[in-house]
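> quick one, structure for this:
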Amino acid sequence: MLLLSNGGFVLNIYTLFLAVMLLLFQENDKKSRSNKAFIRLVGLVAVLVGISAVGDIGIALGGHFIILQMIASYGVFALDPFGFLFALKYIDCYTIYADKKKRKMFIIPLEAYAFINLVLVTFSAVFSKGWFYYYTDGIYNRGPLFIPRGITHVVLCLAVMAYVLVFRSGIIRSYRLPIITFPLIIAIGGFLQVMLYNINLEYAATIFACMILLIYVQRRDINLDYLTGVVNRRGIDMAMRNAISQSQDRDFAAIMIDVDFFKTINDKFGHKAGDEVLECIAEVLRVSFDDNDIVGRFGGDEFCVITRINDTNELDRRIENVKESIADIDWSNKKEMNLSVSAGALVYDKDSGMKVKEFMESIDRRMYEEKLSHHLKDRRRATV
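This next block holds a predicted model:
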């Protein structure tokens with residue numbers, strides 16, 4: 001009964017329950033980068049909340065059970081900086097259109113602090129230094145480094161928020177609002193925790209923010225290609241079915257784009273360069289078409305664009321712009337790739353009654369006709 005009257009303990013148990021539910025309700029590919037980051041973050045919060053609840057039990061039982069509070073104090077002090085790190089790494093999964101080196105300027109210091117804190121807290125606990133906290137006659141006391149550590153945590157929270165503000169334009173557009181809101185909710189929880197001593201509102205706020213992410217990001221993330229940031233084959237199929245079902249009221253066209261001699265690029269420059277090619281082409285397509293158009297990776301080195309453009313001349317002009325932009329890319333390896341793509345496009349005829357498979361096959365044929373001509377030209381040049 002004493003525990004049930006403890007508001008902090010009840011909140012910890014409720015937060016732990018929600019964290020476990022979030023982990024159990026994961027439906028996405030658990031091998032994806034963003035899903036791994038989400039599981040790490042929620043899992044860590046679940047551990048921290050569980051540790052805090054164990055500490056509450058130790059306080060309630062008293063006597064020799066105070067060792068539970070001591071263990072809980074160590075666990076929270078040692079691990080909670082990783083919460084900032086895991087939150088930032090999760091956000092970074094969706095900040096794919098921002099410079100990687102600049103993003104690392106935020107991540108690396110956080111990683112360093114999390115591990116340095118772990119070492120210092122462990123050293124202090126093992127050798128009874130009392131740097132961060134200590135117990136006298138079973139009573140918890142703050143150590144000399146408690147306040148400096150608390151200030152550092154405020155700075156870390158601000159750093160995560162600064163990351164979101166600095167790179168907001170690089171966040172995948174459809175996920176931008178919930179991702180920007182995520183650190184703000186955690187910061188509010190941290191502020192309230194300072195105001196209401198001994199209640200882990202920061203952890204509860206983190207789980208609440210993760211629930212929002214689950215609804216607005218994780219459940220939609222199953223349609224995302226994790227290398228390029230555009231939609232994947234499943235997302236393309238869904239968008240195509242939707243476009244065909246609405247074709248009586250809204251015209252649209254689709255474009256298939258395939259990288260010429262992609263295997264040669266991988267063999268000559270390596271798979272890392274091949275990945276860069278795919279990422280750059282995805283970025284060119286993203287900026288070459290309107291916000292309402294769908295850009296996706298159909299598979300391998302093949303991309304698909306579903307656009308509202310219904311004029312064949314405008315469609316040809318856009319495709320030509322894409323080809324020119326791809327040819328002008330400045331590659332990081334500083335070597336000449338002579339990159340080119342083949343494309344096939346078709347405006348959907350709403351009176352044709354074509355299904356998704358038939359329409360895609362028609363575009364594929366057009367694309368492979370151009371690809372065949374590119375290969376024939378290459379062979380002629382090689383024999384000259």
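> quick check: nearest residue in space to residue 216, chain neighbours excluded?
For residue 216, ignoring the flanking residues on the chain, the nearest one in space by Cβ to Cβ, 6 or more residues apart in numbering is residue 178 at 4.2 Å. Backbone N, C-alpha and C define where each C-beta goes, glycine included.
> sorry, slip of the keys, the one I care about is residue 241.
residue 356 is the one closest to residue 241 (Cβ to Cβ, 6+ apart), at 5.6 Å.
> ok, the residue nearest to residue 216 to residue 243 distance?
Remark: distance between residue 178 and residue 243 (Cβ to Cβ, to the nearest Å) = 25 Å.
> next: residue 114.
46 Å.
> ranges for the helices of the stretch 151-300 of the chain?
Here the stretch 151-300 of the chain has its helices, by DSSP state H, counting those that start in this stretch, at 176-195, 201-213, 233-245, 262-269, 271-288.
> show me the shaky parts of this protein.
Flagging of the chain using pLDDT under 70 yields the residue ranges 1-8, 26-32, 96-98, 172-174, 194-199, 219-222, 332-336, 374-384.
> quick one, what contacts the closest residue in space to residue 88 that isn't next to it in sequence?
Spatial nearest neighbour of residue 88, excluding adjacent residues (Cβ to Cβ, 6+ apart): residue 160 at 5.2 Å. Neighbouring residues of residue 160 by Cβ atoms under 8 Å, 6 or more residues apart in numbering: 84, 87-88, 91, 106, 183, 186.
> cool, and residue 275?
residue 227.
> gap between it and residue 297?
12 Å.
> repeat that for residue 186.
In terms of Cβ to Cβ, residue 186 sits 32 Å off from residue 297.
> got it, and residue 240?
The value you get for residue 240 to residue 297, if Cβ to Cβ is used, is 14 Å.
> the two: which is more packed in?
residue 297 (25 against 22; other Cβ atoms under 10 Å).
> coming back round to it: quickly list what's touching both of residue 275 and residue 297.
With Cβ under 8 Å, 6+ apart as the test, residue 275 and residue 297 both reach residue 227.
> what's the burial count for the closest residue in space to residue 248 that isn't next to it in sequence?
Excluding the flanking residues, the one nearest residue 248 by Cβ to Cβ, 6+ apart is residue 350, at 5.6 Å. Residue 350 has 15 neighbours, counted by other Cβ under 10 Å.
> wait, residue 350 sits on residue 249?
No - using Cβ atoms under 8 Å, residue 350 is not in contact with residue 249, being 9.1 Å away.
> quick one, what contacts the residue nearest to residue 216?
212-213, 216-217 are the contacts of residue 178 under Cβ under 8 Å, 6+ apart.
> could I get the full set of strands for the stretch 1-150 of the chain?
Shown for the stretch 1-150 of the chain, the strands assigned by DSSP state E, counting those that start in this stretch span residues 133-136, 139-142.
> mind putting these into CSV with mean neighbour count?
Converted to CSV, these look like this (neighbours: other Cβ atoms under 10 Å):
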stretch, mean neighbour count
strand 133-136, 16
strand 139-142, 11
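> returning to what we had before: can you tell me which of the contacts of residue 178 is nearest residue 256?
The closest of the contacts of residue 178 to residue 256 turns out to be residue 217 (Cβ to Cβ; 28.4 Å).
> how close does the closest one get to residue 111?
From residue 217 to residue 111 the distance is 23 Å (Cβ to Cβ).
> who has more neighbours, those two?
The neighbour comparison of residue 217 against residue 111 (other Cβ under 10 Å) goes to residue 217, with 23 against 15.
> quick one: the residue nearest to residue 88 and residue 171, what's the gap?
Where residue 171 is concerned, residue 160 sits at a distance of 13 Å (Cβ to Cβ).
> residues shared between the contacts of these two?
Both residue 160 and residue 171 are contacted by residue 91, under the criterion Cβ under 8 Å, 6+ apart.
> next step: the contacts of residue 160 restricted to helices.
Those of the contacts of residue 160 mapping onto helices are 84, 87-88, 91, 106, 183, 186, per DSSP state H.
> nearest to residue 232, out of the strands of the stretch 1-150 of the chain?
Residue 232 lies closest to strand 133-136 among these, at 47.7 Å (Cβ to Cβ).
> how far does that closest one sit from the chain's center?
Distance of strand 133-136 from its chain centroid, counting by Cα atoms, centre = their mean, to the nearest Å, is 40 Å.
> helices or strands up against that strand?
Applying 3 or more Cβ pairs under 8 Å, 6 or more residues apart in numbering; DSSP states H and E, one finds that strand 133-136 contacts helix 66-79, strand 139-142.
> change it to 10 Å
helix 66-79, helix 100-126, strand 139-142, helix 146-166 (3 or more Cβ pairs under 10 Å, 6 or more residues apart in numbering; DSSP states H and E).
> between those, which gets nearest to residue 287?
helix 100-126 (18.1 Å).
> angle of the closest one against helix 146-166?
160 degrees (axes from the mean of the first three to the mean of the last three Cα atoms, to 10 degrees).
> by how many degrees do helix 100-126 and helix 66-79 diverge?
Using the same axes, to 10 degrees: helix 100-126 against helix 66-79 is 160 degrees.
> show me how far helix 100-126 is from its chain's centre.
Counting by Cα atoms, centre = their mean, helix 100-126 comes out at 21 Å from the chain centroid.
> just the strands in the stretch 251-384 of the chain please.
Under DSSP E, counting those that start in this stretch, the stretch 251-384 of the chain gives strands at 253-259, 294-299, 302-307, 341-347.
> and the second one, which residues are buried?
Which is strand 294-299. For strand 294-299, a neighbour-count test (16 or more other Cβ atoms under 10 Å) marks 294-298 as buried.
> same check, this time on the last one
For strand 341-347, burial by neighbour count (16+ other Cβ under 10 Å) applies to 341-346.
> for it, which strands pair with it and how are they oriented?
strand 253-259 (antiparallel) (DSSP bridges).
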